[in-house]
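In: I'd like to go over a predicted model; first the sequence, then the structure.
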Amino acid sequence: MIALKISTEQMIALHGFFAEAVALGERSLGEISGSETEIHVVEIRCSSLGEFGEQGLQLSEDLVASVIGRLEGPMPGTLSLSLDPEEALVWASIGGLDDPLGTFVHLGRKLLEGVSKTFGEILGAESRFEGAALVEEPELAMLVQTHAPSDTVVFSAKIRIEVRDEVLDAITHLLIEPKYLAQLMSALSAAIH
């Protein structure tokens with residue numbers, strides 16, 4: 001297992017990356033809900049998948065409602081967004097469509113597309129979020145079921161979604177192979193300078 005060494009400067013760069021990425025998703029989510037949506041990054045954490053249970057940032061050890069899919073492009077991986085099931089239902093009802101589960105996946109996909117687009121911009125190549133699917137299980141189980149090796153790097157961001165009179169807590173996870181870590185950190189550092 002490779003020990004992850006992320007400096008304070010790199011964590012600041014990661015925070016900036018996630019803040020920019022979710023801000024890109026804000027516009028799409030506002031259009032869907034018909035009202036202003038604000039998303040704030042509250043906390044960032046990084047761990048290996050093998051250590052995620054002890055060190056990873058989790059919304060809950062219980063069942064969560066998640067949208068998960070593949071990150072395709074120069075640095076392939078997995079992206080997910082997890083909410084408490086009750087908050088996921090509240091968020092889906094704000095979307096105004098008749099199918100709450102479909103609406104939840106649609107909203108999650110839009111937010112994660114913002115993350116993938118920002119990822120691509122930082123890397124200088126197109127990056128896409130594909131295969132969005134609903135998963136209802138604990139976050140650790142969901143991430144392990146990607147069949148990623150235990151040394152896979154997991155970047156997690158706790159976010160707060162404010163829409164209408166609701167404040168919803170969520171966590172987004174980005175999984176990448178460890179061989180890409182130095183390249184990503186270099187691209188993030190270059191982006192903030």
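Out: That came in fine, so what should we check first? Residues are numbered from 1 along each chain as shown.
In: Quick check, pLDDT for the residue nearest to the spatial centre of the chain.
Out: When Cα atoms, centre = their mean is applied to the chain, the residue found nearest the centroid is T172 (2.6 Å). On pLDDT, T172 comes in at 95.
In: Partner strands of the helix or strand containing it and their direction?
Out: Assessed by DSSP states H and E, T172 sits inside strand 166-176. Sheet pairing of strand 166-176 (DSSP bridges) gives strand 77-83 (antiparallel), strand 153-163 (antiparallel).
In: Tell me which of those strands lies nearest to F17.
Out: In terms of Cβ to Cβ, the element of the strands paired with strand 166-176 nearest to F17 is strand 153-163, at 8.7 Å. Just so you know, the C-beta spots here come from the backbone N, C-alpha and C atoms, and that holds for glycine as well.
In: Sort out which residues of the closest one are buried, please.
Out: Residues of strand 153-163 classed as buried by neighbour count (16 or more other Cβ atoms under 10 Å): 153-159, 161, 163.
In: Likewise for stretch 67-81?
Out: By neighbour count on 16+ other Cβ under 10 Å, the buried set for stretch 67-81 is 67-73, 75, 77-81.
In: next one: stretch 20-37
Out: Buried-residue list, stretch 20-37, by 16+ other Cβ under 10 Å: 20-22, 24-26, 28-29, 32-33, 37.
In: For the strand holding T172, C-alpha coordinates in CSV please.
Out: Presented in CSV, the C-alpha positions along strand 166-176 are these (Å, rounded to 0.1, in the frame of the first residue of the first chain):
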residue,chain,number,x,y,z
GLU,A,166,-33.5,23.4,1.8
VAL,A,167,-29.9,22.7,2.9
LEU,A,168,-28.8,19.2,1.9
ASP,A,169,-25.5,17.6,2.8
ALA,A,170,-23.8,15.3,0.3
ILE,A,171,-20.4,13.8,-0.5
THR,A,172,-18.8,13.3,-3.8
HIS,A,173,-16.1,10.8,-4.4
LEU,A,174,-13.5,10.7,-7.1
LEU,A,175,-11.5,7.4,-7.6
ILE,A,176,-8.4,7.3,-9.7
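In: what's in contact with the following helix or strand past it?
Out: Next along the chain after strand 166-176, taking DSSP H and E as the criterion, comes helix 181-192. Contact partners of helix 181-192, identified using Cβ atoms under 8 Å, 6 or more residues apart in numbering, comprise 4, 6, 9-10, 12-14, 16-17, 75, 122-124, 153, 176.
In: Of those residues, select the buried ones using a ChimeraX command.
Out: Applying 16+ other Cβ under 10 Å to those, the buried members can be selected in ChimeraX as follows:
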select :6,10,13,14,17,75,122,123,153,176
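In: So which of the contacts of helix 181-192 are in strands?
Out: 153, 176 (DSSP state E).
In: which of the contacts of helix 181-192 sit farthest apart?
Out: Using Cβ to Cβ, the contacts of helix 181-192 span at most 24.2 Å, a distance reached by L4 and G124.
In: could you give me the average pLDDT of stretch 181-192?
Out: 77.
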